[in-house]
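J.: just the structure for this:
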Amino acid sequence: MMSQEQNDLMTRTGPKDPCGKLMRMYWQPAALVDELQGPRPLKPVKMLGEDLVLFRDEQGRYGLMERHCAHRGADLAFGRLENGGLRCSFHGWLYDTSGQCLETPAEPKQSQLCNNIRQRAYPVVEKNGILWAYLGEGEPPAFPEIDCFVAPDTHTFAFKGHINCNWLQALEVGIDPSHASFLHRFFEDEDTSGAYGRQFRGESAGSDMPMTKILREYDRPIINVEQTEYGLRLIALREIDEERTHVRVTNQLFPHGFVIPMSTEMTISQWHVPVDDENCYWYAIFTSYSAPVDKDKMRNQRLELYELPDYRSRKNKSNAYGFDPKEQATATYTGMGSDINVHDQWAVESMGAIQDRTREHLGQADKAIVQYRRLLRQEIENAASGAKPFMFLDAAHARSIQGPATMDGIGPTRGWETFWMEVDVKRRRSAPWAAPVPQEIADKVRHLSAAE
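T.: Residues are numbered from 1 along each chain as shown. Predicted structure coming up:
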């Protein structure tokens, strides 16, 4: 069991909290690029407990700054985008994207007051559909050259969703390989031809066996966890018979992300960003290694559940997540429909705003969560002592963080250790864009020719 002090250490992310200080050392998703489309590219943003305003000026530059004006605290989310910046509607104070005050028009003409006024502001960059912000001090780290950042825009799609709970329990459901056999169980298999854009609904690679059947019938995976240069690698093995084993390889991307296979041709890279200690957003980039992503279809699928402008789920605690007892008895394990996002949302929100980990009892199936928490606590302590945090990358190191490799398919029971790597390498080499083969993987499958 965990003490309350340990739980608070990992879950509290305000500016003065130890975990909050760690999180501010990494780039954080702040919004989707789509959210700043239209005639007024401005929106209020709350992240890591800070109230901010995000905008794009007339030159296309992004700004993220403290939401309340440095003059007398009026709300800049209602400001005017003009004259190269954001102008407060109360007294007309004008700020550029760096937070520098450019004008204080109510002051005497000769006033130099604005030269000494700077609103707290943070750098923002755009990467494949997401606007990323760095809320830390000093120079930000470089981005790792992982697939979702390397792939062209045509082969990626970004989306987000709100979850009404602490960021840590939202992340932990994604590094828990065993839950899928229960939480996402379907009692009947369906035609897999309509599985595009839907997780766990297609066929497992290397077979015609639906993923729904594998998860339903083989519910005691053997879970291996390896520490990597980017976080953790999780390998879940479900033995079909003496000759065949289902292999699922996923990754924890430190500090609060994961990279998992969505299908044989697509992966999901997902991050869990605290709004405050009791709310978070997940941000995901879907990356295709074959055809360009059908963005309209992917967006429309997700907008069936998530309501704009806040990307909140239409199924939630207020309507019991759509729970249907008849469905639970005959069709799905949860009785909450076929969208696995709803299943995950119910699971993590039902724990409470911040899960009370002093009451939990972990087993062998939770080994990835145990290792991740150990890593997180270690890095919180390192950050507090002034040490360079894990995955705080310079440009040279960032180029070496590639992939990460994923796989979801049926291979040989003897030899699965290299089989999954071979599948990943072949997928990368056949991609229409330059999908790099991580050096660690390339070194272990040298027998594959470049043409394979």
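J.: how much space between the residue of the chain most remote from its centre and Gly206?
T.: Ranked by distance from the centre of the chain (CA atoms, centre = their mean), the top residue is Gln110, with 49.2 Å. Distance, Gln110 to Gly206, by CB to CB, to the nearest Å: 76 Å. C-betas here are computed from N, CA, C, even on glycine.
J.: mind listing what's buried along stretch 329-345?
T.: Neighbour counts using 16 or more other CB atoms under 10 Å place 331-345 of stretch 329-345 among the buried residues.
J.: check stretch 72-86 too.
T.: Ala74, Leu76, Ala77, Gly79, Leu81, Gly84, Gly85, Leu86.
J.: which pair of those spans the longest distance?
T.: Ala74 and Gly84 (19.9 Å; CB to CB).
J.: the helix or strand hosting Val273 pairs with which strands, parallel or anti?
T.: Counting by DSSP states H and E, the element that carries Val273 is strand 266-276. Here strand 266-276 has these sheet partners by DSSP bridges: strand 257-261 (antiparallel), strand 279-288 (antiparallel).
J.: okay, these in TSV with distance to Ala170 next?
T.: TSV is the format used below for the strands paired with strand 266-276 (distance: least, CB to CB, whole Å):
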stretch	distance to Ala170
strand 257-261	11
strand 279-288	5
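J.: ok, which of those strands comes nearest Val124?
T.: For the strands paired with strand 266-276, proximity to Val124 was assessed by CB to CB; strand 279-288 is nearest, at 14.1 Å.
J.: for the closest one, output the C-alpha coordinates as PDB.
T.: C-alpha atoms of strand 279-288 as PDB (Å, rounded to 0.1, in the frame of the first residue of the first chain):
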ATOM      1  CA  ASN A 279      -9.300  17.200 -14.000                       C
ATOM      2  CA  CYS A 280      -7.100  16.500 -17.000                       C
ATOM      3  CA  TYR A 281      -7.200  16.300 -20.800                       C
ATOM      4  CA  TRP A 282      -5.800  13.400 -22.900                       C
ATOM      5  CA  TYR A 283      -4.200  14.500 -26.200                       C
ATOM      6  CA  ALA A 284      -3.500  12.000 -28.900                       C
ATOM      7  CA  ILE A 285      -1.800  11.800 -32.200                       C
ATOM      8  CA  PHE A 286      -2.800   8.900 -34.400                       C
ATOM      9  CA  THR A 287       0.000   8.000 -36.800                       C
ATOM     10  CA  SER A 288      -0.400   5.900 -40.000                       C
END
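J.: I'd like the strands paired with strand 266-276 as JSON lines, with distance to Met421 and mean pLDDT appended.
T.: Output for these, formatted as JSON lines (distance: least, CB to CB, whole Å; pLDDT from 0 to 100):
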{"stretch": "strand 257-261", "distance to Met421": "14", "mean pLDDT": "97"}
{"stretch": "strand 279-288", "distance to Met421": "18", "mean pLDDT": "98"}
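J.: returning to what we had before: could you look up the SS state of the residue farthest from the centre of the chain?
T.: On the three-state scheme (DSSP: H, G, I helix; E, B strand; the rest coil), Gln110 is labelled coil.
J.: which strand or helix spans Gly63?
T.: Using DSSP H and E, the element containing Gly63 is strand 62-66.
J.: partner strands of that strand, with direction?
T.: Strand 62-66 sits in its sheet next to strand 50-56 (antiparallel), strand 121-122 (antiparallel), going by DSSP bridges.
J.: and for Pro141, the neighbour number?
T.: Residues lying near Pro141 (other CB atoms under 10 Å) number 20.
J.: that one belongs to a helix?
T.: No. Using three-state DSSP, the assignment for Pro141 is coil, not a helix.
J.: I'd guessed Arg80 sits against Leu86; true?
T.: Yes. If you go by CB atoms under 8 Å, Arg80 and Leu86 touch, sitting 7.4 Å apart.
J.: re earlier: let me know the closest of the buried residues of stretch 72-86 to Glu190.
T.: Out of the buried residues of stretch 72-86, the member with the shortest distance to Glu190 (by CB to CB) is Ala77, at 44.6 Å.
J.: separation between the closest residue to that closest one other than its chain neighbours and Phe182?
T.: The spatially closest residue to Ala77, leaving aside those adjacent along the chain, is Pro44, at 4.1 Å (CB to CB, 6 or more residues apart in numbering). In this view, Pro44 and Phe182 are 38 Å apart by CB to CB.
J.: returning to that earlier point: how about the secondary structure of the residue nearest to Ala77?
T.: The three-state label given to Pro44 by three-state DSSP is strand.
J.: could you give the bridge partners of it?
T.: For Pro44, the beta-bridge partners under DSSP bridges are Val53.
J.: that one is in contact with Phe55, isn't it?
T.: No. In terms of CB under 8 Å, Pro44 does not count as a neighbour of Phe55; the distance is 10.0 Å.
J.: ok, those two, which is more surrounded?
T.: A direct count of neighbours by other CB under 10 Å for Pro44 and Phe55 places Phe55 higher, at 24 against 13.
J.: ok so, going back, could I get the strands paired with strand 62-66 as TSV with mean pLDDT?
T.: Listed next are those as TSV, based on pLDDT from 0 to 100:
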stretch	mean pLDDT
strand 50-56	99
strand 121-122	98
